[in-house]
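*Asks:* Only the shape, not the letters, is given here:
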């Protein structure tokens, strides 16, 4: 994946529903590759490619416990996405507040007529 910056890498990793599903599963606890693959009708090679994308984005880490190598969620990179979205969240909240004020004014004007 050729991404120009870490945020682009993260957003690209999050763009795929299979990868988001894997992250949702890992949010409940560690899982093996086989466990992560269970809900999907795809080859293990495809599952491995999805995991590599998530690992490259820093969202998934591989543990080591003898032969058992569970994957686990690393939520730290999601802070960058949240930080980026916060600016837009503030913008939309301000717009919604203005809309609410306008609608309140319209309703008051209609009642006064």
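*Replies:* That came through, no problem. Keep in mind it's a predicted model, so treat the numbers as computed, not measured. Numbers count the residues shown, from 1 in each chain.
*Asks:* Break the chain down into its structural domains.
*Replies:* 1-74, 76-113 (automatic domain parsing).
*Asks:* Buried residues in the worst-scoring helix or strand of the chain on mean pLDDT, which are they?
*Replies:* Across the helices and strands of the chain, mean confidence by mean pLDDT, DSSP states H and E is lowest for helix 76-112: a mean of 90. Buried residues in helix 76-112, counting neighbours by 16 or more other Cβ atoms under 10 Å, are found at 77, 78, 80, 81. (Each C-beta comes from the backbone N, C-alpha and C, glycine too.)
*Asks:* Centre of the chain to that helix, how far?
*Replies:* Offset of helix 76-112 from its chain centre (Cα atoms, centre = their mean, to the nearest Å): 22 Å.
*Asks:* Show me what it is packed against.
*Replies:* When contacts are defined as 3 or more Cβ pairs under 8 Å, 6 or more residues apart in numbering; DSSP states H and E, helix 76-112 packs onto helix 6-14.
*Asks:* From residue 5, how far off is residue 96?
*Replies:* Residue 96 is 30 Å from residue 5, where distance means Cβ to Cβ, to the nearest Å.
*Asks:* Give me the nearest residue to the most centrally placed residue in the chain, chain neighbours excluded.
*Replies:* What sits nearest the mean C-alpha location of the chain, by Cα atoms, centre = their mean, is residue 14, with 5.0 Å. Using Cβ to Cβ, 6 or more residues apart in numbering and skipping residues adjacent in sequence, the residue nearest residue 14 is residue 20, 6.2 Å away.
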